[in-house]
Each structure stands twice: as structure tokens, then as C-alpha cells.
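Undergrad: take a look and give me a structure for this.
(one chain, ligands or ions: 1)
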Amino acid sequence: MTKPRVPSLETQPAVPDEERNANLLPRSTNGAHAFSLRVPDGDTHARHVCDDCGYIHYVNPKIVVGSVVTWHGADDGEIRYLMCRRAIEPRKGFWTLPAGYLENGETTEDGARREAHEEACADIRIDALLAVYSLAHISQVQLMYKATLLSPDIAVGEESLEVALFRKEDIPWDDLAFPSVRWALTQFQEVAETPVFAPFTNPAEMDGKPD
Ligand SMILES: [Zn+2]
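TA: A predicted model of the protein is given here:
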């Protein structure tokens with residue numbers, strides 16, 4: 001049996017959906033449900049359905065929340081970009097934006113603020129929704145915000161090896177952890193000085209498929 005793995009940003013274990021999902025199935029209080037995988041009446045997708053009680057275990061996409069966080073108080077007047085070097089797999093050692101899975105009972109803005117605090121000990125202000133990315137191949141939706149760093153006091157959080165405030169020209173483009181990090185940083189440049197704009201979606205280069 002495959003060990004349950006910790007879900008990770010933009011990757012999923014390379015096991016079939018039904019096997020991965022079987023690790024996540026809830027148990028009834030008086031024992032296990034008797035699940036079988038089948039298409040319920042009137043449905044279009046195969047689900048884990050309990051043969052005893054009819055409970056249907058729906059599995060839906062995960063939501064990731066994060067931010068392009070900028071600091072505007074540098075002595076030279078140049079914008080700095082907050083980035084974190086990942087201390088955990090996948091893509092350990094590569095640079096990313098503060099982002100992670102939304103928790104139950106949490107608003108998307110609170111989730112983005114929490115991630116910035118956890119990964120970079122950063123206090124941020126959410127300014128606008130920058131982009132919504134649909135990563136259908138990994139059943140993930142990402143909400144990326146445009147945010148402002150309220151104080152340059154940042155520190156390495158538990159999931160980071162290093163945190164940094166990069167000038168635009170120093171962003172480590174060749175060492176980014178995920179395609180959507182590049183998308184968000186690139187799209188941010190277009191609206192860096194624009195207070196009101198329409199959120200971006202997947203750039204044409206990908207359109208929800210792996211690159
Ligand atoms: Zn049951």
C-alpha cells in the first residue's frame with residue numbers, strides 16, 4: 001500500500017487518483033465505510049460510494065493562496081520583491097513566492113497573510129487580487145494577490161532556507177520553483193503601478209496544462 005504523502009505545492013504523488021484518494025477516505029465512527037468506486041446515479045464522475053450507507057466521498061480541487069509581496073521603502077527608491085528559498089520538497093532549494101494551501105475556515109486573504117508570515121515572518125497588506133490560475137492537471141486553483149510588505153523585518157520561516165528582498169533585475173528567474181511563480185512575477189510587472197486592474201489568468205503558454 002502506498003504511504004499517504006503530504007500534498008505539495010504544484011505537485012501530486014504519481015499514483016492513480018483512486019489509490020491516492022483511498023488514503024484520504026473518512027471513517028465512520030463505528031468502523032470503516034465499505035467504499036467502492038463507481039459512478040453514482042445522475043453523476044458524471046466515478047466516486048467512492050459507501051455500499052452500506054450511501055455516503056459519497058467527493059474529492060475536489062485544492063486551493064492555493066499566495067502573494068507577490070513588494071517592499072517600497074528601500075533607500076534607493078527601487079521596489080523589492082519578497083521571495084523564499086524552499087526548505088522542503090518538491091523543488092527544495094528553488095525560489096518561490098509565499099504561498100500555500102488554504103485552510104478550512106479561513107478566508108483567502110487571511111490565508112495569503114498567514115503564508116507570508118509562516119514562510120518569511122512577513123507582515124503584509126493585501127492590495128488586490130493579481131491572478132487566478134487553474135492548474136487542471138494537478139486539480140489545483142491558485143489565487144495570487146498583489147501585496148505590500150509593511151516592514152522590511154523578514155526572517156527565515158520553517159519552510160524556507162532563505163528569504164530575500166530582490167531588486168527586479170536580481171530575481172532568480174533561472175531558479176524559480178514553479179511555472180506559476182514566473183507567471184505571477186511577470187504579470188505583476190504589468191500592473192506594478194496600477195491600483196485598479198482586472199486579475200490575470202493562466203498565460204497562453206500553458207492554459208492549465210503541464211509545460
Ligand atoms: Zn458507510
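Undergrad: which residue is nearest the centroid of the protein?
TA: Nearest to the geometric centre of the chain sits residue 64, at 3.1 Å (Cα atoms, centre = their mean).
Undergrad: I'd say it and residue 138 touch.
TA: No. Using Cβ atoms under 8 Å, residue 64 is not in contact with residue 138, being 10.0 Å away. Placement of C-beta: from N, CA and C, glycine included.
Undergrad: got the confidence number for the residue located most distally from the centre of the chain?
TA: In the chain, the residue that sits farthest from the middle, by Cα atoms, centre = their mean, is residue 52; the gap is 36.3 Å. On pLDDT, residue 52 comes in at 92.
Undergrad: residues in contact with it?
TA: 33-34 (Cβ atoms under 8 Å, 6 or more residues apart in numbering).
Undergrad: confirm it sits in a helix?
TA: No. Counting by DSSP: H, G, I helix; E, B strand; the rest coil, residue 52 is not found in a helix; it is coil.
Undergrad: can you list phi and psi of it for me?
TA: phi -90, psi -50 (degrees, to the nearest 10).
Undergrad: could you measure from residue 185 over to residue 64?
TA: 16 Å (Cβ to Cβ, to the nearest Å).
Undergrad: ugh, typo on my part, it should be residue 49
TA: 29 Å.
Undergrad: repeat for residue 94
TA: Per Cβ to Cβ, residue 94 is found 16 Å from residue 64.
Undergrad: same thing with residue 123?
TA: Counting by Cβ to Cβ, the gap from residue 123 to residue 64 is 21 Å.
Undergrad: residue 178 now?
TA: 10 Å.
Undergrad: could you do residue 102 as well?
TA: From residue 102 over to residue 64 (counting by Cβ to Cβ), the distance is 7 Å.
Undergrad: ok, now residue 174?
TA: Distance of residue 174 to residue 64, computed by Cβ to Cβ: 23 Å.
Undergrad: and if you look at residue 139?
TA: 11 Å.
Undergrad: ok, residue 38 next?
TA: 30 Å.
Undergrad: stretch 193-200: which residues count as buried?
TA: Neighbour counts over stretch 193-200 (16 or more other Cβ atoms under 10 Å) mark residue 200 as buried.
Undergrad: end-to-end on it?
TA: 15 Å (Cα to Cα, to the nearest Å).
Undergrad: got the contact list for that stretch?
TA: Counting by Cβ under 8 Å, 6+ apart, 127-132, 183, 187, 191 sit against stretch 193-200.
Undergrad: which helix or strand lies directly C-terminal to the worst-scoring helix or strand of the chain on mean pLDDT?
TA: One helix or strand of the chain scores below all others by mean pLDDT, DSSP states H and E: helix 17-22, with a mean of 52. Note on helix 17-22: by DSSP states H and E, the next helix or strand toward the C-terminus is strand 35-38.
Undergrad: that next one and the ion in contact?
TA: No. Remark: strand 35-38 sits outside contact range of the ion, by Cβ under 5 Å from the ion, the gap being at least 7.8 Å.
Undergrad: and that strand, which residues are buried?
TA: residue 35.
Undergrad: which residues in this protein form strands?
TA: 35-38, 47-50, 56-57, 62-71, 80-86, 95-96, 99-101, 124-135, 140-149, 160-167 (DSSP state E).
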